[in-house]
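In: here is my input, please return the structure:
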Amino acid sequence: MERRRHERWEIDAALRFHWKAAGETRRHGEGIARNMSAGGVFVSTNHPPSVGTRVRFRIAFSSLRGASTLVMDTIVEVVRVVPGAEGEQQPGFAGVLKTYTLRNEDEVIERESF
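Out: Okay, the predicted model is just below:
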């Protein structure tokens, strides 16, 4: 039985993310956003941040008409880390949306904080 509160969309968007580690050290990572919902996102990466970490990243979505690109700047809090095992799902992390801004080239379309 599916217990999710929000519909999930499969995506395949490369992204770079960053966060502050203990001692205010800035860390960076790369991954692929695999799925997203109104509540969160799953990012495949070989080097996921720890649970509880707030991570910043940007995802660009191309328009179906090719006329413009939507960009989502977001902060998520890592709620689950998937270590990955040989033959099983890819390693990565699940994050709950904390804030996001959705915009195109000309204007902010939507901004939300949770």
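In: now the spatially most central residue of the chain: how far from residue 22?
Out: What sits nearest the mean C-alpha location of the chain, by Cα atoms, centre = their mean, is residue 41, with 4.6 Å. Distance, residue 41 to residue 22, using Cβ to Cβ, to the nearest Å: 24 Å. From N, CA and C alone the C-beta is placed, and that goes for glycine too.
In: now do the strands in the protein.
Out: Here the chain has its strands, by DSSP state E, at 8-20, 26-37, 40-44, 54-62, 69-82, 92-103, 108-113.
In: need the winner for burial among these.
Out: Of the strands of the chain, the one with the most neighbours on average (mean count of other Cβ atoms under 10 Å) is strand 40-44, at a mean of 23.
In: what pairs with that one, parallel or antiparallel?
Out: Strand 40-44 sits in its sheet next to strand 26-37 (antiparallel), strand 92-103 (antiparallel), going by DSSP bridges.
In: for residue 72, find the nearest of these.
Out: Comparing the strands paired with strand 40-44 against residue 72 with Cβ to Cβ, the closest turns out to be strand 92-103 (5.1 Å).
In: related to what we said a few turns ago, and the residue nearest to the centre of the chain, what does it touch?
Out: 33, 35, 74, 76, 94, 95, 97 (Cβ atoms under 8 Å, 6 or more residues apart in numbering).
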